[in-house]
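Undergrad: structure here, sequence nowhere to be found:
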């Protein structure tokens, strides 16, 4: 027995009320519930009772909060694997290696031309450029009204991940920092940190594109 749009909407609302606020996590639960109800619903049987049985079959415990948490965890594992593999795969391509070496040599040359103070300032600019990309992409997805989406959240998260992780090191290069790194190590730290940060940002951008494409495909499936 095929369910009506109103019945599917009821299922969606119930799952949301039971602790699953992100629509892309709800979709899988909705699909399982709809399939169960369509198979088990009889003409004279109460629709809501069959939905409740479907929820129990899914592991409902008065709430779906545990499934919501598991959904976040599984999604993070999926994207984290892509993120780490993307970083490693970057160095397996000759074109990327050549580009990396050329840009690193340019970066090194700039360090020889500028004083240490201005080289650190220049490195700060390089470090925060991915932040501009993050804010732009955040604005783009906000305009597209994707709603509360786990895939969207992780796509944006991995775009800015190393900016958040490495900023404490960058702050330590400042003279007024509580835990200052000695000046003689500034260049060494930057020669390691900035390239790693930018390659990870590149990998994060690939994750972002995969995540947003998935969100758009799921949205199109709902609308079709």
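TA: On my side now, so go ahead. Please read these numbers as outputs of a predicted model, since none were measured by experiment.
Undergrad: can we go C-alpha only for contacts and neighbour counts from here?
TA: OK.
Undergrad: now do the contacts for the spatially most central residue of the chain.
TA: Nearest residue to the geometric centre of the chain (Cα atoms, centre = their mean): residue 154, 1.6 Å. Neighbour list for residue 154: 75-76, 79, 208, 211 [criterion: Cα atoms under 8 Å, 6 or more residues apart in numbering].
Undergrad: go through the protein and flag its longest helix.
TA: helix 186-223 (DSSP state H).
Undergrad: what's the angle from the host helix or strand of the residue nearest to the centre of the chain to helix 186-223?
TA: Here residue 154 sits within helix 150-171, counting by DSSP states H and E. With axes from the mean of the first three to the mean of the last three Cα atoms, to 10 degrees applied, the angle from helix 150-171 to helix 186-223 works out at 170 degrees.
Undergrad: for helix 150-171, give the mean pLDDT please.
TA: The average pLDDT within helix 150-171 is 93.
Undergrad: return the set of buried residues in it.
TA: By neighbour count on 16 or more other Cα atoms under 10 Å, the buried set for helix 150-171 is 150-163, 170-171.
Undergrad: tally up the residues packed near residue 194, please.
TA: Using other Cα atoms under 10 Å, residue 194 has 19 other residues around it.
Undergrad: list the buried residues for the longest helix of the chain?
TA: By 16+ other Cα under 10 Å, the buried positions in helix 186-223 come out as 186-187, 190, 193-195, 197-208, 210-212, 215.
Undergrad: what do you get for stretch 98-109?
TA: 100, 107.
Undergrad: what's the spacing between it and its chain's center?
TA: What separates the centre of stretch 98-109 from the centre of its chain is 29 Å, taken as Cα atoms, centre = their mean, to the nearest Å.
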